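# Mind looking at a prediction? Sequence and model below.
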Amino acid sequence: MSAPRLAGCLIVLLAACFALPSRAETITGKVVDETGKPMGWLTVAMALKNHCPRILNGGLENRHIDYFSTETDNAGRFSLPSPWSELEDYKLFVLHSVGFAQVSKSELESQNGVITFGRWARIEGMVKAKKGLSVSLQLREENDTAYSPRADFDCTTTVSGTGEVVFRHLPPGKATAYVHISWGKREDGSMGSYLHKESVNLVSGETVSLNLDVSGRTVIGKLTLPDDFEGAPNWGYCYVTCNPRMEEALDKSTKLSERLEEWKKESDEVLQNLLKTRPENINNETDEEVYKHLWTEWLKTDAGKRFSQHLTAFTSTYMRKSSENYWQSKFVSGRRTCVVSPDGTFRLEDIPVGDWELDIKLYEPPPPGPFCGQLGLLGSTSFRITVPDKQSDAPLDIGTLAIEKALPGEGLIAAGAEAPDFELKRLGVETEEMIKLSDYRGKTVILDFWATWCGPCINKMPELVKLHERIKDNPNVVLLGISIDQDERTLLNFLAKKPEMTWGQLRTAPNAPMVQQYGVFAIPAMVVVGADGKVVAVNPNLSALMRMIDE
């Protein structure tokens with residue numbers, strides 16, 4: 001069983017084993033200090049599996065975007081509405097310049113809704129770096145997983161003339177600190193390099209010492225595009241990765257890959273043995289309602305309870321290891337990364353003496369609003385450099401590098417291209433029905449690629465409901481949803497709870513040929529096919545799409 005299939009299986013099993021509330025709940029609580037005194041006018045932010053707030057220097061950034069927040073009243077009380085009825089888990093973060101608290105759903109319930117407000121932790125230290133560079137720290141809790149509710153903590157400061165740095169708003173607990181050096185600004189953020197990671201154990205109200213040497217050589221260069229490149233590039237989505245070419249680095253990378261493969265095989269074996277304990281009548285049941293009833297009743301038995309306990313333990317270990325492996329692979333061998341400035345120039349900091357290889361990739365800009373997945377590749381190049389032993393404060397200028405245009409099919413399908421035909425089963429209908437794109441020749445077809453696990457996709461659904469209401473009586477326009485969920489049962493369960501999604505729903509695998517032919521690397525993604533079978537628009541906003549339909 002492959003890793004994606006294994007992860008998909010876990011999601012299906014968890015959905016079956018743990019019942020979700022049938023109606024939306026309101027989350028209430030009270031924040032007090034260590035003496036029990038109510039704390040008023042504090043920010044309370046919610047994190048979900050698909051909603052991750054960013055906490056910058058102790059405050060909530062863009063507080064009303066993609067997650068939910070409120071404030072405590074003068075008695076320390078707060079009320080936070082659940083975003084949807086299927087709320088399985090969440091984590092709350094209480095924020096103020098003087099202190100911090102965080103609780104999980106289970107902790108809040110066990111504490112009868114009372115949250116005790118504590119103090120931030122601090123990091124002080126010396127950074128051996130060029131004067132005036134901006135240094136930021138991104139923290140990731142050690143017990144976080146890719147599927148657990150969490151927040152991103154960022155703290156920024158500037159290296160003083162004597163090399164001192166102080167980070168004042170850090171959450172207590174064991175975490176990994178990722179150090180980022182910024183060397184410039186642009187409209188959509190800073191330009192810089194992720195350089196180091198350090199394990200830290202932060203304690204409320206206490207200060208931890210952290211000293212770093214980021215005084216390696218600066219490497220600069222400029223990127224250009226081939227003459228046949230279509231349109232002006234958006235260098236904001238071009239990334240430069242600098243990887244060591246030393247034997248030690250290659251050996252570390254090889255050993256990590258071997259460990260990952262071994263871990264995947266062991267996980268697959270454990271899961272397969274666990275699945276063998278399920279009753280065959282449940283596995284073979286095709287009727288959805290009967291299947292739910294059998295699952296619910298079996299989980300009440302001793303065997304079902306043992307299965308649930310073993311599955312919970314396995315899932316916790318699997319998610320934790322997945323997260324660990326992700327960050328290990330990202331920072332293996334001391335690689336450095338940076339983004340590219342609007343004029344195509346780039347700057348890498350702290351490159352030690354030795355042999356390095358630059359890997360440069362230019363991606364498509366993302367669709368409007370939040371999205372899940374990887375952007376389509378527009379072009380790439382690689383280049384080898386050597387940082388000499390001779391010390392110098394001057395940057396190492398490697399000159400101009402040309403981006404090579406990506407091969408066709410490596411990015412989202414473009415307007416004007418012939419839309420590839422496909423044949424998929426329509427879901428939610430009593431009689432099995434196969435849908436082909438070519439069946440709608442002569443009509444405008446709107447293809448919406450999405451998935452139930454994609455938070456931005458779910459947030460976009462109200463817009464699609466409005467769109468469908470507008471076009472449902474138009475015989476010349478068709479809206480089709482194409483889910484890339486791994487498991488059909490999970491998708492059907494979701495659709496059963498969304499009666500407003502009455503447009504045609506299809507499903508295919510995330511790595512299916514048609515997904516690759518359309519170049520869908522990130523979702524939500526929308527492709528509009530004209531009456532002649534050619535793509536007329538890609539990821540249009542709702543107002544532009546309405547105008548297109550009216551015309």
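Received it, and whenever you're ready, just let me know what you need. Source: prediction; values computed, not measured.
# Now do the SS call for S148.
coil (DSSP: H, G, I helix; E, B strand; the rest coil).
# Give me the neighbour count for it.
Counted with other Cβ atoms under 10 Å, the neighbours of S148 add up to 18. Using the backbone N, CA and C atoms, a C-beta is placed for each residue, glycine as well.
# My read is that it contacts C52, right?
No: S148 lies out of contact with C52 (Cβ atoms under 8 Å); the separation is 10.2 Å.
# And for this protein, the residue most distant from the center?
K390 (41.6 Å; Cα atoms, centre = their mean).
# mind checking pLDDT for that one?
Here, the pLDDT recorded for K390 equals 73.
# show me the contacts for V465.
V465 is in contact with E500, M501, counting by Cβ atoms under 8 Å, 6 or more residues apart in numbering.
# again, only using 7 Å
E500 (Cβ atoms under 7 Å, 6 or more residues apart in numbering).
# what about it, which helix or strand?
If you go by DSSP states H and E, V465 is part of helix 455-471.
# how far away is T176 from F422?
In this view, T176 and F422 are 43 Å apart by Cβ to Cβ, to the nearest Å.
# one step back: and the residue farthest from the centre of the chain, that's in a helix?
No: going by three-state DSSP, the assignment for K390 is coil, not a helix.
# now it: how far from W356?
16 Å.
# Just give the number of residues close to P475.
As a burial measure, P475 scores 7 neighbours (other Cβ under 10 Å).
# One more: A509?
When neighbours are counted by other Cβ under 10 Å, A509 comes out with 14.
# Assign a three-state SS to it, would you?
Of the three states, A509 takes coil according to three-state DSSP.
# what's near enough to touch V445?
V445 touches L437, V478, L480, V529, counting by Cβ under 7 Å, 6+ apart.
# Just to be sure, which of those are found in strands?
Among the contacts of V445, DSSP state E puts V478, L480, V529 in strands.
# Against A394, how distant is P388?
Going from P388 to A394 by Cβ to Cβ gives 12 Å.
# Could you tell me how far the nearest residue to A303 once chain neighbours are set aside is located from H293?
Excluding the flanking residues, the one nearest A303 by Cβ to Cβ, 6 or more residues apart in numbering is T277, at 7.0 Å. Distance of T277 to H293, given as Cβ to Cβ: 20 Å.
# can you pull out the helices in the chain?
Assigned helices in the chain, in chain order: 3-17, 105-110, 247-275, 280-283, 288-298, 302-331, 455-471, 488-496, 513-517, 542-550 (criterion: DSSP state H).
# hmm, back to that, go ahead and confirm the residue nearest to A303 touches K305.
No: with contact defined as Cβ atoms under 7 Å, T277 does not count as touching K305 (11.8 Å).
# need the contact list for the closest residue to E164 other than its chain neighbours.
Using Cβ to Cβ, 6+ apart and skipping residues adjacent in sequence, the residue nearest E164 is M126, 6.2 Å away. Neighbour list for M126: G163, E164, N211 [criterion: Cβ under 7 Å, 6+ apart].
# if we go to 10 Å?
Residues in contact with M126 (Cβ atoms under 10 Å, 6 or more residues apart in numbering) are V159, S160, T162, G163, E164, V165, S209, L210, N211, L212, D213.
# Quick check: it vs L212, distance?
In terms of Cβ to Cβ, M126 sits 8 Å off from L212.
# Overlap in contacts, these two.
V159, G163, V165.
# For PyMOL, write the selection for the buried entries among those.
PyMOL command restricting these to the buried ones, with burial defined by 16 or more other Cβ atoms under 10 Å:
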select buried, resi 159+163+165
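# Could you chop this structure up by domain?
As given by automatic domain parsing, the domain ranges for the chain are 16-116, 120-215, 250-324, 423-550.
# looking at those domains, which is closest to P342?
P342 lies closest to domain 120-215 among the domains of the chain, at 5.8 Å (Cβ to Cβ).
# Let me know whether E433 touches L427 as I believe.
Yes: E433 is within contact range of L427, at 9.3 Å (criterion: Cβ atoms under 10 Å).
# Hmm, P352 and T218 touching each other?
No: between T218 and P352 there is no contact under Cβ under 10 Å: 11.8 Å.
# neighbour-wise, which of these two wins?
Counted by other Cβ under 10 Å, T218 and P352 do not tie: T218 has more neighbours, with 20 against 14.
# Contact partners for that one?
Contact analysis of T218 by Cβ under 10 Å, 6+ apart lists 130, 183, 193, 347-351, 387, 392-397.
# Show only the entries of these found in strands.
Those of these lying in strands (DSSP E): W183, S193, R347, L348, E349, D350, I351, V387, L396, D397.
# Could you identify the least confident member of the residues you listed?
W183 (58).
# what residue ranges in the stretch 301-450 of the chain score low on pLDDT?
Low-confidence segments of the stretch 301-450 of the chain, defined by pLDDT under 70: 315-335, 367-375, 407-411, 429-432.
# cutoff 90 now
301-343, 347-357, 359, 361-380, 388-394, 404-417, 425-434 (pLDDT under 90).
# before we move on, what about the stretch 1-150 of the chain?
For the stretch 1-150 of the chain (pLDDT under 90), the answer is 1-27, 46-54, 56, 60-69, 80-90, 106, 125-150.
# dump the residue contacts of the residue nearest to G205 when sequence neighbours are not counted.
In space, and not counting its chain neighbours, G205 is closest to R119: 4.1 Å by Cβ to Cβ, 6+ apart. For R119, the contact set (Cβ under 10 Å, 6+ apart) comprises D33, E34, V98, G99, F100, A101, P172, V203, S204, G205, E206.
# Surely G125 touches G163?
Yes: the pair G125 / G163 is scored as a contact, 9.0 Å apart, by Cβ under 10 Å.
# Now the common contact residues for those two.
N211, L212.
# out of the domains of the chain, nearest to Y363?
domain 423-550 (8.6 Å).
# End to end on the closest one, go ahead and measure it.
28 Å (Cα to Cα, to the nearest Å).
# Off-centre distance for it?
22 Å (Cα atoms, centre = their mean, to the nearest Å).
# what bridges to T345?
Beta bridges link T345 to K222, judged by DSSP bridges.
# That one and K222 touch, don't they?
Yes: with contact defined as Cβ under 10 Å, T345 counts as touching K222 (4.9 Å).
# Residues that sit against both of these two, list them.
What both T345 and K222 touch, as defined by Cβ under 10 Å, 6+ apart, is the set T400.
# list residues touching both of T218 and P352?
Common contacts of T218 and P352, defined by Cβ under 10 Å, 6+ apart, comprise V387.
# Filter the shared contacts of M126 and L212 down to just the ones in strands.
Those of the shared contacts of M126 and L212 lying in strands (DSSP E): V165.
# Generate CSV for the shared contacts of M126 and L212, with distance to C454 and pLDDT as supplementary columns.
Below are the shared contacts of M126 and L212 laid out as CSV (distance: Cβ to Cβ, whole Å; pLDDT from 0 to 100):
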residue, distance to C454, pLDDT
V159, 39, 76
G163, 44, 78
V165, 38, 82
